[in-house]
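K.L.:
Sequence below, structure please.
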Amino acid sequence: MTADTPSVPNPLQAVDETWQRGLAIVAHPDDLEFGAAAAVARWTAQGKEIVYVLLTSGEAGIDGMDPAEAGPLREREQRESAAIVGVGQVDFLGLPDGVLEYGVPLRRELSRVIRKHRPEIVITNNFRDSWDEEGNALNMSDHIVTGKATLDAVRDAANRWVFREQIDADGLEKWGGVREVWAAGSPQSKHGVDTTDTFDLGVRSLEAHAAYLRGLGSGDFDSEEFLEGFARQTGARLGARYGASFEVFRLGLF
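P.N.:
Have a look, this model is predicted:
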């Protein structure tokens, strides 16, 4: 770097992309699309295999629509959204939207999912208390619960004596092959990925949640404008036009 080269504030380190199987675990339809979907599109274009697992169907997410109608609609939108970024398998666990609870039952269910899919990288959403370092943009309980349970379930899945009925009776095997858990959009992110080439796919994947987006505010939500603001900030920290940020949790000894 020369004296004339501007320094990048809070630069991000590129994530390690030497993996093949990924598993994304989030609480609701649209959670991945608010920032991480463009990164998913990059990875599927590289030939990586990524499966989405949604704890809920987002049935409580549209104020003017009964949950019995909203849930199936949001599942359809999520599958369409995932297909845009190259994800063909989207599983819904059917847990209640808005009132997810951290605890052993949730860890057990997620351990089963991890043992079934055997990923190398697990992706989830920011589960810090807020979306910003100052603590002004508070996160919601479902996101926090999901992220914490996912992190613990990765360790559970690697221990043959935890939820051993999944091994003894269900034919699964312990899985200790998860190298890292990546939390998208965390205010403590120190890693990121260049999404310049796939940003437009990320926008399209968010736009696929049409019914949900119509229910936001005045109904004139602009997906591209919203995503561009964050992607440009992250891209600047990577030396790229657009980017997505992740807090990386490295897993080794349990």
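K.L.:
Spatially nearest residue to residue 235, not counting backbone neighbours?
P.N.:
The spatially closest residue to residue 235, leaving aside those adjacent along the chain, is residue 243, at 4.0 Å (C-beta to C-beta, 6 or more residues apart in numbering). Where C-beta positions appear, they are placed from N, C-alpha and C, glycine not excepted.
K.L.:
Oops, could you answer that again for residue 92 instead?
P.N.:
Closest to residue 92 by C-beta to C-beta, 6+ apart is residue 54, at 4.9 Å.
K.L.:
Residue 89 is in contact with the one you found, correct?
P.N.:
No. With contact defined as C-beta atoms under 8 Å, residue 54 does not count as touching residue 89 (11.4 Å).
K.L.:
out of those two, which sits in the busier spot?
P.N.:
Counted by other C-beta atoms under 10 Å, residue 54 and residue 89 do not tie: residue 54 has more neighbours, with 27 against 12.
K.L.:
Distance-wise, check that one relative to residue 243.
P.N.:
Using C-beta to C-beta, to the nearest Å, we find residue 54 at a distance of 25 Å from residue 243.
K.L.:
Quick check: which ranges of the protein have low pLDDT?
P.N.:
1-8, 217-219, 252-254 (pLDDT under 70).
K.L.:
residue closest to the middle of it?
P.N.:
Centroid check for the chain by C-alpha atoms, centre = their mean gives residue 124 as the closest residue, at 3.6 Å.
K.L.:
what secondary structure does the closest residue to residue 213 other than its chain neighbours sit in?
P.N.:
Excluding its sequence neighbours, the residue lying closest to residue 213 (C-beta to C-beta, 6+ apart) is residue 221, at 5.0 Å. Three-state call for residue 221 (DSSP: H, G, I helix; E, B strand; the rest coil): coil.
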